[in-house]
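Trainee: sequence and computational prediction follow.
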Amino acid sequence: MTYPYTKSLEHHGLVAGFCKEIKLANIIDQALGTSEQRKISFGNLFIAMIINGLGFTGRTLHMYREYFSDKPLDRLIAPEVKAEYINDDALGRCLDALYEHGVSSLYQDIGEAVIKHLGLPCNSVHLDSTSFHYDGMEKLSDDEDDLNPIQITKGYSRDHRPELNQVVLNLICENQSGIPVYMKPASGNINDMEGFKEIVKSHIKSLKAAQSCRYLVADAALYVQDTITELDELNQLFITRVPHKLREAKVLINQASELDFKNMGNGYSGAWHQSTYSDIKQRWLLIRTEQARKRETHSLTKRMLKKADAERKTFKKLSQQRFACQHDAEQAVELWRKKQVYCDVIDETVEIPIYGKKGQPKKGQAPERVEYKITGNLFTPLDRRDNALKQLGFFIIATNDLDESLTMDKVLKTYKEQQSVEKGFRFLKSPDFLTSSIFIKKPERIEALLMVMTSCLMVYASLEHLIRKKLKEKDLYFPDQKKKPSQNPTARWVFQCFQGVTIIYLESQSPMVVNWQERQQVIVDCLGDRYRQIYS
């Protein structure tokens, strides 16, 4: 390479610096093994995939060496690493090795190292799932010896695209910064209830031992008899939403007007209810919120119109039927009434004489038989809408923590931290990250790629937490997008502010970092010496 030449450093130094701090390459190499025959270790390839994934360049995670041809790999990864080492074959072998080792257990080790490094208390962990569509083979095979635990199935639920193949990712994140501590790929046809049940049965015990988390938090898919029983047997406290379809939940909401609600502020009020659902002593917190009631009232009107239209169609179909006697017709109307949610009918049974021959019957001719049909006018009883309105704006949170020190406010706050997982999913599905679609032809590698994606989220969320923490500890400020001092910048904004940072290599001088500004120095100063070395 002729002098002078440049290498693009930008925000990649922050990503690489954190990977070095947690010794990520060592964790991967210890798990997958090293070999002198390989020009680049699996650990360094793994870091290369994370750097590429957090490059926000419009490329997929299926990388090629051209991406790294203008990167200072001696600073980002290791002095001996060259761009030509990071090729499709090497990356494919790395993904295969990750899959063969087991991505969930390996990622759990990484998550444990990150939480320990950051010193996070991990009071609660939050479980949720999402789906990605996959552009490759639909399924490995029907062979029973097939080792691939996930199946790629048609039907991408998020976009309602039945022609697309789907895979599912389950994440467990800590509550403070949304850092994933556990990931589990799943088949595209699995529902959340089955997926959560499997995770609780197989992995919660080890996760609890590793993270010492107090609460497992999830949405209503966790609240299944088998699952909460398993959690209780493991002495794992949970905080989860109760499905409204449960009979006890319906009764409680119907009795809400008789309960003594306590004001919780911010438009929330709550009332405790003792429950023994699934023979487990629990406390249910019935929460009423005015904001949700207004929102749900609007959706109720739309839902009632749609449902009423469907019910009208069922009555039209019923009115086209013929019955042998009036009793059968009346029974059919009653059966129809029981199945309707909003509509009722003022019905009338009409006699239809049936003659043996076609055409106009003769005067005084008696019919061979009489058939009966139903007609009537549909309406929606006001009490049904009133009852539906009374149930709006309520939701129930259940916990098996019977300690009175767990107040209503703490239960609601802990449950609402579930948004940390949803924030992570939004990051993974961001158009800038470009992993909503997965372009890999070998299904075994999808699990490994999902682990790489989750690791990207882990590094991103950890850097954001670390920057905010250090800025506050050192009383430093970073300008936000409006040039106002801030101690809570997003990692995305910090990454953008490092755009253009470049290293110039001269023949007779040491490399120089150019396009360096004061705001970038603030970040490097608060993060420490390892980052200064990369950007010096």
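Mentor: It's in.
Trainee: on the three-state scheme, Ser299 is what?
Mentor: Under DSSP: H, G, I helix; E, B strand; the rest coil, the three-state class of Ser299 is helix.
Trainee: ok, it to Ala78 distance?
Mentor: 55 Å (Cβ to Cβ, to the nearest Å). Where C-beta positions appear, they are placed from N, C-alpha and C, glycine not excepted.
Trainee: again, but for Arg38
Mentor: 13 Å.
Trainee: likewise for Glu311?
Mentor: On the measure of Cβ to Cβ, Glu311 and Ala78 end up 68 Å apart.
Trainee: just Asn488 next, same as before
Mentor: 34 Å.
Trainee: and Ile239, bridged to which residues?
Mentor: Val217, Thr399 (DSSP bridges).
Trainee: so what's it up against?
Mentor: Neighbour list for Ile239: 124, 215-217, 397-399, 401, 411, 414-415 [criterion: Cβ atoms under 8 Å, 6 or more residues apart in numbering].
Trainee: quick one: Gly55 is in a strand?
Mentor: No: Gly55 is assigned coil when assessed by three-state DSSP, not a strand.
Trainee: just give the nearest non-adjacent residue to Glu507, would you?
Mentor: Closest residue in space to Glu507, ignoring its immediate chain neighbours: Tyr3 at 3.8 Å, by Cβ to Cβ, 6 or more residues apart in numbering.
Trainee: what are the boundaries of the strands in the stretch 401-536 of the chain?
Mentor: Applying DSSP state E, counting those that start in this stretch to the stretch 401-536 of the chain gives strands spanning 437-438, 478-479, 485-486, 502-505, 512-514.
Trainee: circling back to that earlier point, who has more neighbours out of Glu311 and Ala78?
Mentor: Taking neighbours as other Cβ atoms under 10 Å, Glu311 and Ala78 compare with Glu311 leading, 21 against 15.
Trainee: which strands and helices lie in contact with the helix or strand hosting that one?
Mentor: Using DSSP states H and E, the element containing Glu311 is helix 290-319. Judged by 3 or more Cβ pairs under 8 Å, 6 or more residues apart in numbering; DSSP states H and E, helix 290-319 is in contact with helix 326-339, strand 369-379, helix 382-390.
Trainee: just send those back as CSV, with mean pLDDT and distance to Ala186 too.
Mentor: Below are the helices and strands packed on helix 290-319 laid out as CSV (pLDDT from 0 to 100; distance: least, Cβ to Cβ, whole Å):
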stretch, mean pLDDT, distance to Ala186
helix 326-339, 92, 35
strand 369-379, 90, 44
helix 382-390, 81, 35
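Trainee: and of these, who's closest to Ile50?
Mentor: Evaluated over those, closeness to Ile50 peaks at helix 382-390, with 49.3 Å, by Cβ to Cβ.
Trainee: show me the contact partners of the closest one.
Mentor: 254, 256-257, 297, 300, 304, 341-342.
Trainee: buried only: go through those for me.
Mentor: Taking 16 or more other Cβ atoms under 10 Å as the criterion, what is buried in the contacts of helix 382-390 is 300, 304, 342.
Trainee: who are the neighbours in contact with the first one?
Mentor: Translated: Leu300. Taking Cβ under 8 Å, 6+ apart, one finds 388-389, 392 in contact with Leu300.
Trainee: likewise the second one?
Mentor: For Met304, the set of contacting residues under the criterion of Cβ under 8 Å, 6+ apart consists of 342, 380, 385, 388.
Trainee: kind regards, and thank you for your time.
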